[in-house]
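S.K.: Please find the sequence and the predicted model below.
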Amino acid sequence: MTLSLFALQLLNGVEYGLLLFLVASGLTLIFGVLGVLNFAHGSFYMLGAYLAYFIAGRTGSLLVAVLVGVPLMAVLGLLVERLAIARLYARDHLSQVLLTYGLVLLFNELQRALFGNDVHGVAAPQALAFRIPLGEQAWPAYRVFTALFCLAVAAAMRQVILRTRFGMRVRAGASNPEMVEALGIDVRRLFSSVFAAGAALAALAGMLAAPLTTVYPGMGESVLVLSFVVVVIGGIGSIKGAFLGALLVGLSDTFGKVLLPGFASAMVYAVMAAVLVFRPRGLLGQQA
Amino acid sequence: MSAHSLSRRTLLGAAAASLIARPGFSAAKAKLRIGLLLPYSGTYAALGNNITDAMKLAAREHKGVLGGREVEWIAVDDESDPAKAPANVNKLIAGEKVDILTGPVHSGVAMAMMQIVRQEKVLTIVTNAGAQAVTGTLCAPHVFRTSFSNWQTSYPCADVMLKAGHKKALLMFWNYSFGQESMAAFKEGYLKGGGSIVKEIAVPFPSTEFQANLSEIAALKPDAVFVFFAGAGAAKFVKDYEGAGLREKVPLYGSGFLTEGVLAAQGAAAEGVKTVLHYADGLDNAANKKFRDAFQKATGRSADVYAVAGYDTVNLLAHALDKVKGDTSAQKELISALESARIESPRGPFRFSKAHNPVQNVYLREVKGGKEVVLGVAMKDAEDPAAGCAMGK
Amino acid sequence: MIVPPRVRALLIAGAAALFLVVFSGDRFWLQFLGKTMITCIFAMSLDLLVGFAGLVSLAHAAFFGLAAYLLAGLSNHYGLVSPLATLPLCLAGVGLAALLIGWLSLRASGVYFIMVTLAFTQMLYYFFNDAPGFGGSDGLYVNDRPRLGPIDFGERTVAYLAIWIALVATYLLLLRVVRGPFGRVLIGIRGNEQRMRSLGYPTGRYKLAAFVLAGGLAGLAGYLDATLYGFVNPAHFGWRVSGLLLMTVLLGGKGTLHGPVLGALLLGFLEHYGEQVTTHWNAIVGAFVIAVVLFLPRGLAGLLRGARG
């Protein structure tokens, strides 16, 4: 592999990883703070993508779709949390898993009933419909944009988590919910907002990805397992960990495809297993 | 959304029907039970729905009666899951006791189905799955296929590419049976014709992260690229191919599934992509025009290659069942009626080979102005080599 | 673990009813119930881990599939048809795999344990899907199904009987195990592993033993499935199957043994009849699952507990 090709694959891996981070960030938030294994995460991603298709199809603008769709999905997340998930905080985690699984089935049928079974395309915004040449290769500008956008979201999340009171409560809630409650902070409000934020992030990821992946039934499933892998590699509840984990997954998947094609499919899982051997709680998870 | 009304039976009803449908009893008057083993949920649901709706359309054109018997549809959602396939096949054969079994979409499901069907000897029409073995090593007298074999949708492209002067090709495909058989067929023709393969890139199925491999292609600079992808993955591939700047630089060829059903989603990225398939939306013949109009009217969707298979299946059955006056127990006569059938399908002239696979033209198509334009016939009367099948050889 | 008399009566009645089906000779019901019984064995084996040892494993599908492929390999390549040869070999193979996977996975705990088991089942899925010579995504036929003299286990009625015997035997075995000292230690570990360790129990070894036993029983289910259908496919592996099984156990009520049986039976019938009502039958299953979670905290088995809270 020449140096320039290596550099290019490096960029490919980073770009893929950044998008993965956006998808997984909501999951690690929910996982870390609420302790809920949210199987419906892929469904939020899918619903976001379908909303993008629907709204952008009618208004001609992906931006409008995002501005309208993300708050909509946050509200949906809120409703799901209040009506279903909240009832299970007193019960064990597995009940929550089972509930979110039931939700997945419902959301899948909802999607099919509303939008049918066909594959739909979503146009990238006109302003970004050009190509950026890189030597002999080229990259679509929209891809570069989404990568940069994910980076911006990561930075914004960092600011919120580290510098705001909400972020402080999130961090506290992630490490010790009982203490947080004892300190008089409304844990229920916190959980609701975190779940809503997680759902919104997943939907945002779906909307951004829609022009790249197209919109089709079952698109949430493929993303779900990968999100879990990223979160676990990074360490549950750690946004920074999810960021590193996503980059690691993106790079290993990219280079795996090119260097070890026969092994490529299992590569990501092998990487996760390897990380857990050395750091049983993930890269930046709370060490036992 | 599909508005097909499915007539279902409770198990009690099925038990009652099984008493009636015993051979020897006046079978001519009992309803003709046609089983549909197709995906109605999951990624392939669109195909399952199109095949079903086209079959029902054809049946309506025969006034709902085939061979003097009223048609009754019994559908089972196979979810394209091979692990559940044996149970689903048994639901249709042993539970609902269908007279004729049709389907499936997924080749893994087809393999499970073939094993049971070869023992139970129910008349079976494969309406999509292209696995070579179905009319190859596993061929059987009571099994017919009305769709295609994986070989037929790839082999003809070798000649096309060689004639266009592309002597060094790169292959990229999903690494599962459909992709593997497609590539094997393509290589067979391409290497024989003097072409050479620069590289074979097998993408894990169903991964849709192509960026890494596309960068490789740009660096390797082959004359042309031949690929196999289908559905949403194909939509993404074509878009990514264009996004990587390859569309103008390296001509893209593929088996027709690269664009079938996803052309709208691919948009301008698909311009100039050439594919080979035994059907094209724009085929200029009377049967196709009539079919497409009727399908559009009945379902509100455009017909596609999958629908054609369903349509032809029922038309062929109508022809054969008429010959035996609806007596499905007269299997030998039914089989020879099918074997001798020749119809004008929307895809062109259609007949079965000795191995019971379609003998059909394979067309070369190019995407121009967002539509599939037929450039010509890539291979006339293409007949699958039916490796391993002993029938009629 | 006390089995309430109401439940015991129900189980005996159920077993008797299932046994009587043998005489019906009905081609469909023998296969359908045979498959459902296999799922019951599969679910019970997972309950040992989830309900009693507190280990949520997503690797279970791997052992099911592995046994099925081993049978296919032994039959196709070595021409072994006697179950006296193939069954012990398949179980031994699966046991070994469970030992290895368990030993590696148990180094992690909690959610991380779950994810490592997931990783293994995915890797096995890709192995059997991608590696040449294993049939790939289309799967393999078991050319010669298990035969013992004149008894052909591939024959519908015989297979059904064999599965029925295996189901009853598995239940009784697991009942024995969870009631005995081994089971009690597992339950203790599930409640508070630290305390068990401080009491001197090598908890790691107990957990590993449970993992191997559960894996072996999952392998038994896979063996029976390959015998019943004569067809193996990579679709048997993968997280979806494991996930669905976990749902079945939770739905039925974990930690009861009969709960997962109920869950498997109910889901099987729900799918079968739901499909006849609407193409959106998945929504029915989804709504059902949610209803059970919200209103039946102990799963379906909770319905049978009656007055005893």
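M.R.: Good, I have the coordinates. Quick caveat: nothing in here was measured; it's all calculated off a predicted structure.
S.K.: What segments of chain A are strands?
M.R.: For chain A, strands defined by DSSP state E occupy the ranges A:131-134, A:137-140.
S.K.: so can I have TSV of those strands showing mean neighbour count, mean pLDDT and distance to B:Ile217?
M.R.: C-betas here are computed from N, CA, C, even on glycine. As requested, those are arranged in TSV below (neighbours: other C-beta atoms under 10 Å in any protein chain shown; pLDDT from 0 to 100; distance: least, C-beta to C-beta, whole Å):
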stretch	mean neighbour count	mean pLDDT	distance to B:Ile217
strand A:131-134	14	82	14
strand A:137-140	21	82	10
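S.K.: Chain C is nearest to which of those?
M.R.: Closest to chain C of the strands of chain A is strand A:137-140 (C-beta to the nearest C-beta; 28.2 Å).
S.K.: Select, out of the strands of chain A, the one closest to A:Gly13.
M.R.: Taking C-beta to C-beta, strand A:137-140 is the member of these nearest to A:Gly13, at 13.3 Å.
S.K.: Touching, B:Val276 and B:Trp151? I think so.
M.R.: No. Between B:Val276 and B:Trp151 there is no contact under C-beta atoms under 8 Å: 11.5 Å.
S.K.: For the stretch 1-150 of chain A, which residues are neighbours of chain C?
M.R.: A:31, A:37, A:39, A:84, A:87-88, A:91, A:94-95, A:97-99, A:101-106, A:108-110, A:112-113 (C-beta under 8 Å from any C-beta of the partner chain).
S.K.: ok, and B:Leu170, which helix or strand is that part of?
M.R.: Following DSSP states H and E, one finds B:Leu170 within strand B:168-174.
S.K.: sorry, back to before: of B:Val276 and B:Trp151, who's got more company?
M.R.: B:Val276 (30 against 26; other C-beta atoms under 10 Å in any protein chain shown).
S.K.: Indicate each strand paired with whatever helix or strand the more buried one lives in and its parallel or antiparallel sense.
M.R.: Using DSSP H and E, B:Val276 sits within strand B:274-277. The pairing partners recorded for strand B:274-277 under DSSP bridges are strand B:252-255 (parallel), strand B:358-368 (antiparallel).
S.K.: CA-only coordinates of the first one, as CSV, when you get a sec.
M.R.: Just to be clear, that refers to strand B:252-255. Extracted in CSV, the C-alpha atoms of strand B:252-255 (Å, rounded to 0.1, in the frame of the first residue of the first chain):
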residue,chain,number,x,y,z
LEU,B,252,-19.4,0.4,-13.9
TYR,B,253,-21.1,-2.8,-14.9
GLY,B,254,-23.2,-5.1,-12.9
SER,B,255,-25.8,-7.8,-12.9
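S.K.: what's the following helix or strand after that strand?
M.R.: Downstream of strand B:252-255, the first helix or strand assigned by DSSP H and E is helix B:263-266.
S.K.: neighbouring contacts of that next one?
M.R.: Applying C-beta atoms under 8 Å, 6 or more residues apart in numbering or on different chains, the external contacts of helix B:263-266 come out as A:119-121, A:214-215, B:232, B:234-235, B:238-239, B:259, B:270, B:367, B:370-372.
S.K.: Show me those that map onto helices.
M.R.: B:232, B:234-235, B:238-239 (DSSP state H).
S.K.: So which of these reach chain A?
M.R.: Among these, chain A is touched by B:232, B:235, B:239 when using C-beta under 8 Å from any C-beta.
S.K.: Spatially nearest residue to the last one (excluding sequence neighbours)?
M.R.: Yep, that's B:Lys239 we're talking about. Nearest residue to B:Lys239, sequence neighbours excluded (C-beta to C-beta, 6 or more residues apart in numbering or on different chains): B:Ala269, at 4.6 Å.
S.K.: contacting residues around that neighbour?
M.R.: By C-beta under 8 Å, 6+ apart, the contact set of B:Ala269 is B:238-239, B:241-243, B:247.
S.K.: thinking again about what came up before, okay, the strands paired with strand B:274-277, which one's buried deepest?
M.R.: Looking across these with neighbours counted as mean count of other C-beta atoms under 10 Å in any protein chain shown, the highest average goes to strand B:252-255: a mean of 27.
S.K.: could you give the mean pLDDT of that one?
M.R.: For strand B:252-255, the mean pLDDT works out to 96.
S.K.: now stretch C:228-236
M.R.: For stretch C:228-236, the per-residue pLDDT averages 94.
S.K.: Check what contacts that stretch and list those residues.
M.R.: Here stretch C:228-236 makes contact (C-beta under 8 Å, 6+ apart) with B:81-83, B:85-87, B:108, B:111-112, B:115, C:31, C:34-35, C:38, C:61, C:64-65, C:68-69, C:71-72, C:125, C:128-129, C:135-142, C:145, C:154, C:159, C:163, C:222, C:225-226, C:241.
S.K.: so of those residues, which ones are in helices?
M.R.: Cross-referencing the contacts of stretch C:228-236 against helices under DSSP H gives B:85-87, B:108, B:111-112, B:115, C:31, C:34-35, C:38, C:61, C:64-65, C:68-69, C:71-72, C:125, C:128-129, C:159, C:163, C:222, C:225-226, C:241.
S.K.: contacting residues for the residue nearest in space to the middle of chain B?
M.R.: Nearest to the mean C-alpha position of chain B, by C-alpha atoms, centre = their mean, lies B:Asn128 at 3.0 Å. If you count contacts by C-beta under 8 Å, 6+ apart, B:Asn128 has them with B:47, B:51, B:103-105, B:147, B:306, B:309.
S.K.: quick one: which helix or strand includes it?
M.R.: Assessed by DSSP H and E, B:Asn128 sits outside every helix and strand.
S.K.: That one and chain C, how far apart?
M.R.: Per C-beta to the nearest C-beta, to the nearest Å, B:Asn128 is found 14 Å from chain C.
S.K.: Now do the helices in the stretch 1-150 of chain A.
M.R.: Assigned helices in the stretch 1-150 of chain A, in chain order: A:3-34, A:41-59, A:62-83, A:93-115, A:141-163 (criterion: DSSP state H, counting those that start in this stretch).
S.K.: Against B:Ala202, how distant is the residue in the stretch 101-250 of chain B that chain C sits nearest to?
M.R.: Residue of the stretch 101-250 of chain B nearest chain C, by C-beta to the nearest C-beta: B:Tyr176 (3.8 Å). To B:Ala202, B:Tyr176 is 9 Å away according to C-beta to C-beta, to the nearest Å.
S.K.: What of A:Ser192?
M.R.: From A:Ser192 across to B:Ala202, the span is 46 Å (C-beta to C-beta).
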